[in-house]
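Visitor: 3D model of this:
(3 chains)
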Amino acid sequence: MTAVAARPPRVRTPGPRTRGGGSSRLRDFAVRWGALLVLGLLWEVAARFFASPFFPPVSRILERFAELWFTSDPASFFLTERVVTDLLPSLGRLLGGWSIAVVAGVLLGVALGRSRTLAGYVEPIIHFARAIPPPALIPIFFILLGIGDEMKISLIAFAVVWAVLLNTIDGVRSVETLHLDTGRVFDFSRAKVFFGIVLPSASPKIFAGMRVSLSVALIIMVISEMAASSQGIGFNIIIAQRTYRLLDMWAGILLLGILGYVLNALLAAVENRVTRWHRGAREGVS
Amino acid sequence: MTDTATEQSRGDLLTIEGLGHVYEGRNRFEAIGRLDFTVPEGSFVSIVGPSGCGKTTMLRCLSGLMRPTRGTVRLHGDEVHGVPRDLAIVFQDYSRSLFPWRTVGGNVAFVLPRRSMSPEERRARIEESLDAVGLAGSADKYPWQLSGGMQQRVAIARALAYRPRIMLMDEPFASVDAQTRAELEDLMLSVRDRFDMTILFVTHDIDESVYLADRVLVLSKSPSTIVASIDVDLPRPRDQVATREDEDFVRLRSEIARMIRDQSTKRAPAAVPPAA
Amino acid sequence: MTSATTTAQAPPRRRRAPGSGRRLTVLHGAVGLVALFLVAELVSRAGLVNELYLPPASLVLLRVAELFVDPGFLAAIGATLQAWAIGLLVCVAVSVAIGVVLGSSRAAYSASRAVIEFLRPIPSVALIPLAILVLGNDTDMKVALIVFSASWPVLFNTIYGMHDVDPVAKLTAKSFGRGRISTLFSVSLPSAAPFIFTGIRIAASVALIVAVSAELLAGASEGLGRWMLDAGSTGNRADLVYAATIVAGLLGLVINGVLVLIERRFLSWQPALRDTAGSAR
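Guide: Numbers count the residues shown, from 1 in each chain, chains lettered A, B, ... in the order given. As a prediction, the model looks like this:
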């Protein structure tokens, strides 16, 4: 393998990679947030210059953002009441619907992944249900469940379970036969095969499904709150738009961006920890 | 079939003087110490060495893909800057070098000049090249539909279609099984005869290097130098069984094997000596 | 016998002949669908669920057939698809171009990372109210939204594909005398094409979601979302709403199916498509 050793290593992902050394990470960090800062400044200057009512300056958006969500009262953790009346319910619906989808998707996915015949019966239904654009489900769920929290949670769960389901099936199916054979040779119990071989093998794909479904869940939460709700972040945004309170609208958009970023980062952190072996195995041998 | 008299009168195609290369960076690594040699036109020169002797680095420098830190490479007298027109390389990793989105014929066509060739000429060249490597009629297949040995033949056909004057080969048969390797070795010999090609052949297989070559260069471990330059006087045409039984073959390959084993057991120099 | 090839494939493991396996799967699938239909029909007719909420499946299917010839409904679908197609085309053209540039220059890529990572998590639907304010209620607004939201998957996949181009392939082109631009078009782009196409498939579904969402929220717009809202609000037409939802699903399937066909036609050389032993795509 001497020819391989002499070749420079290939970089496989465009994602953040820790090249050796903390100094380049620091530089990376500085470049990333520096660029953002520059963008923010550009917006500020442009907004003040053009004075468009639709694009207020960043500074005023941030100000309004702080007003809406933060107070100086330590008793309530420096958060306003709005956090309780709007942010928490939104988060609750989002996470509730998403976790139902994940649990159901993984359980069903494992069952269907192991049995091709069973999967054959339901796969067309799954592919069809997945193809329905989620906003088109709102009218039906509205008819069936009204506009309460159950409607939104079920809507979110129904819309995103397919991504988890299909990815789990794929992950379970693509467990290396060699690994399963090893389990049989060494006489592993069925539980050990499942928890020790199948689940870890499939976890990268399962996590991929979880990530996709989280983003979609966020989208559906927002739409459902905009279309049929009386509180929540989405509701705040649409009401602000209809009453021309541009700053409130932008503050809501900012909150959603932060929420999306934080949730994704958390999930990515968990995923990195759990699937560390996978990246090592793929990147270790060039 | 070239005899030594004709060889000498044709002159040297490739001249390497004082070639050396150092990889700068966090760990400074001198891959090549000093290489001086020539490749006469029409000859088949093999290069063998122990693991880690900078063979790939050397090929990159010779082909113009990389600029060496010192020394010069000349192709028929002209110094090499960038990849010269008259030179073609066949890499070891055919599956990464052939383009999967093109058919076999498409891969060969890739190296032909975009203009200045009529479609008929183009087709004829492709057919000729594929025929020379024993793949006549495979032009419409995709590389991944062929076996490893056949894919490597496509890579060779591609280099042939380019009509180079010298072909550099980087351990081209290392990734195929022994029987296929024997077939490909004989293919190279027939290609050399048919096209009067000059070939510089890097390999780690000592038997292969002696079997194919008119001359074998033995490299040391990095920083590499030429330990020996051995003329191979075995009769041509070579034969996989008869030649390998020949007592001169056995003597030569043992000599080289001993040299390489001595190289492998030598410790690499601890400090990089300052440039002379 | 070490092999340095990274794309060496194990021989496909098939337990039975591919032809019979696929036929059996289709049969299973058909059985599943019929079973679902029967269950839905029975549950409704037996009164287990109020007919207002769950009309009989047969009635819904009848409505689906009627919708296929309903001019109002067809016009609504047309409006949605129009915005979808224009938005998708624009975003693909722009994102691939930008992605190629960012993918081939490390400097440009690092500089733009923060911007991309900050803009990406903003769910595009959050911008629907803004878009309505700034651009009104009709196709322009939808197209603009689609371009913003569907660009990300295409952009990322293009960048990923550009980074994934095999250095040996590029080196080969260089060794045969090709310059940087020629290598870009003859090696990097074809190599990245499968990734780019995956991005386009994701973008197509995102674009549809965004289009329908915008229609649901914008008062005077046309399109499928609007049509469904109207049907739902003119009381007791659950059958129409279900029917429209089914058609929406069929639309999604058709779009995806067309894209898969295109992919098979032009990108059949990629490793993922070579062994076609009944994958769940």
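Visitor: gap between B:Thr265 and chain C?
Guide: 22 Å (C-beta to the nearest C-beta, to the nearest Å). All C-beta atoms are positioned from the backbone trio N, CA, C, and that covers glycine.
Visitor: any idea how far that residue lies from B:Arg258?
Guide: 11 Å (C-beta to C-beta, to the nearest Å).
Visitor: chain center to the host helix or strand of C:Ala93: distance?
Guide: In the assignment (DSSP states H and E), C:Ala93 maps to helix C:71-104. Helix C:71-104 sits 11 Å away from the centroid of its parent chain (C-alpha atoms, centre = their mean, to the nearest Å).
Visitor: any idea which helix or strand comes after that helix?
Guide: Moving toward the C-terminus from helix C:71-104, the next helix or strand (DSSP H and E) is helix C:106-119.
Visitor: just the angle for that next one relative to helix C:71-104, thanks.
Guide: Helix C:106-119 runs at 140 degrees relative to helix C:71-104, counting by axes from the mean of the first three to the mean of the last three C-alpha atoms, to 10 degrees.
Visitor: buried ones in the very next helix or strand once past helix C:106-119?
Guide: Toward the C-terminus, helix C:106-119 is succeeded by helix C:128-135 as the next helix or strand (DSSP H and E). Buried residues in helix C:128-135, counted by 16 or more other C-beta atoms under 10 Å in any protein chain shown: C:128-133, C:135.
Visitor: my guess is B:Ala182 contacts B:Gln240. True?
Guide: Yes. The pair B:Ala182 / B:Gln240 is scored as a contact, 5.3 Å apart, by C-beta atoms under 8 Å.
Visitor: residues in contact with residue 211?
Guide: In the absence of a named chain, chain A is used. Residues in contact with A:Arg211 (C-beta atoms under 8 Å, 6 or more residues apart in numbering or on different chains) are A:264, A:267-268, A:271.
Visitor: other chain: chain C
Guide: Counting by C-beta under 8 Å, 6+ apart, C:Ala211 has contacts C:80, C:83-84, C:87, C:142, C:145-146, C:223-225.
Visitor: starting at the chain centroid, how far to the helix or strand harbouring it?
Guide: Using DSSP H and E, C:Ala211 sits in helix C:189-217. Taking the mean of its C-alpha atoms, helix C:189-217 sits 5 Å from the chain's own mean (C-alpha atoms, centre = their mean).
Visitor: again with stretch C:32-45
Guide: 29 Å.
Visitor: how close does the closest residue to A:Pro134 other than its chain neighbours get to A:Ile100?
Guide: Among residues not flanking A:Pro134 along the chain, A:Ala159 sits closest, at 4.0 Å (C-beta to C-beta, 6 or more residues apart in numbering or on different chains). For A:Ala159, the distance to A:Ile100 equals 11 Å [C-beta to C-beta].
Visitor: do C:Tyr109 as well
Guide: Distance from C:Tyr109 to A:Ile100, by C-beta to C-beta: 38 Å.
Visitor: now chain B against chain C: closest residue?
Guide: B:Arg96 (3.9 Å; C-beta to the nearest C-beta).
Visitor: around chain C, which positions in the stretch 1-150 of chain B sit nearby?
Guide: B:63, B:65, B:83, B:85, B:88-89, B:91-97, B:99-101, B:110-111, B:142, B:144, B:148 (C-beta under 8 Å from any C-beta of the partner chain).
Visitor: sorry, back to before: which one's more surrounded, B:Ala182 and B:Gln240?
Guide: B:Ala182 (17 against 11; other C-beta atoms under 10 Å in any protein chain shown).
Visitor: one step back: just curious, which of the buried residues of helix C:128-135 is nearest to A:Ala240?
Guide: C:Pro129 (7.5 Å; C-beta to C-beta).
Visitor: need the pLDDT of the closest one.
Guide: In the prediction, the pLDDT value recorded for C:Pro129 is 87.
Visitor: could you do C:Ser3 as well?
Guide: Looking at C:Ser3, the pLDDT reads 37.
Visitor: can you check A:Gly34 too?
Guide: pLDDT, A:Gly34: 75.
Visitor: what about B:Ser138, which SS state?
Guide: Put simply, B:Ser138 is coil when judged by DSSP: H, G, I helix; E, B strand; the rest coil.
Visitor: now it, nearest residue through space, not along the chain?
Guide: Nearest to B:Ser138 is B:Val104, by C-beta to C-beta, 6+ apart, at 5.1 Å.
Visitor: what's the burial count for the one you found?
Guide: Neighbours around B:Val104, by other C-beta under 10 Å: 26.
Visitor: what's B:Phe99 sitting at in phi/psi?
Guide: phi -90, psi 120 (degrees, to the nearest 10).
Visitor: does the closest residue to it other than its chain neighbours sit in a helix, a strand or a coil?
Guide: Of all residues not flanking B:Phe99 in the chain, B:Asn107 sits nearest, at 5.7 Å (C-beta to C-beta, 6+ apart). When classified by three-state DSSP, B:Asn107 comes out as helix.
Visitor: isn't B:Asn107 right next to B:Val154, touching?
Guide: Yes. Between B:Asn107 and B:Val154 a contact is recorded at 6.0 Å, counting by C-beta under 8 Å.
Visitor: endpoints of stretch A:61-81, how far apart?
Guide: By C-alpha to C-alpha, to the nearest Å, the extent of stretch A:61-81 from end to end equals 19 Å.
Visitor: which parts of that stretch are buried?
Guide: A:61-62, A:64-65, A:68-69, A:71, A:80.
Visitor: and stretch A:169-188, by the same measure?
Guide: For stretch A:169-188, the neighbour count (16+ other C-beta under 10 Å) marks A:169-173, A:175, A:183, A:188 as buried.
Visitor: state the mean pLDDT of it.
Guide: 79.
Visitor: so what's the residue nearest to B:Ala157 when sequence neighbours are not counted up against?
Guide: Spatial nearest neighbour of B:Ala157, excluding adjacent residues (C-beta to C-beta, 6+ apart): B:Ser129 at 4.2 Å. B:Ser129 is in contact with B:108, B:157-158, B:160-161, counting by C-beta under 8 Å, 6+ apart.
Visitor: the helix or strand A:Asn272 falls within to helix C:128-135, inter-axis angle?
Guide: Using DSSP H and E, A:Asn272 maps to helix A:246-274. Angle, helix A:246-274 to helix C:128-135, by the same axes, to 10 degrees: 140 degrees.
Visitor: say whether chain C is contacted by helix A:246-274.
Guide: Yes. Interface with chain C: helix A:246-274 contributes A:246, A:249-250, A:252-253, A:256-257, A:259-261, A:264 (C-beta under 8 Å from any C-beta).
Visitor: for that helix, name the packing helices and strands.
Guide: helix A:58-69, helix A:199-227, helix A:233-242, helix C:106-119, helix C:128-135 (3 or more C-beta pairs under 8 Å, 6 or more residues apart in numbering or on different chains; DSSP states H and E).
Visitor: many thanks, we can stop here.
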